[in-house]
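[1] The sequence and its predicted three-dimensional model are supplied below.
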Amino acid sequence: MTKTPGEVERFKPMTKALRDAHKAFRQVDAEKAVTEHEIVQKAFSANRERLKAERLAREAELKAKEK
């Protein structure tokens, strides 16, 4: 069946099985998103700490050379 411009597709009520499937996929997607976010946050934090340590080491080295 092809639609002509302006024609509206008939409403198809969702079955219980389809609703349950959508619900399960939403939960999995949400868990996956949270997991990905946690991984990114941990990587960001580790990188920030590494850069901070490098900066502090450079600053300490400069102070030691000045004396």
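    Okay, I see it. Small disclaimer: the values here were computed from a predicted structure and weren't measured.

[2] just for this structure, where's the confidence low?
    1 (pLDDT under 70).

[3] quick one: the helices in it?
    16-66 (DSSP state H).

[4] For stretch 15-23, what is the distance to the chain centroid?
    25 Å (CA atoms, centre = their mean, to the nearest Å).

[5] which other residues reach that stretch?
    Stretch 15-23 has contacts (CB atoms under 8 Å, 6 or more residues apart in numbering) with Met14. Where you see a C-beta, it was placed from the backbone N, CA and C, and this is true even at glycine.

[6] Return that stretch as CSV; C-alpha atoms alone will do.
    Taking C-alpha atoms only, stretch 15-23 is exported to CSV below (Å, rounded to 0.1, in the frame of the first residue of the first chain):
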residue,chain,number,x,y,z
THR,A,15,0.2,-5.5,21.4
LYS,A,16,1.3,-6.4,24.9
ALA,A,17,4.2,-8.4,23.5
LEU,A,18,5.4,-5.4,21.5
ARG,A,19,5.1,-3.1,24.5
ASP,A,20,7.0,-5.6,26.7
ALA,A,21,9.7,-5.8,24.0
HIS,A,22,10.1,-2.0,23.8
LYS,A,23,10.3,-1.8,27.5
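
[7] Report the buried residues of it.
    Neighbour counts over stretch 15-23 (16 or more other CB atoms under 10 Å) mark no residue as buried.
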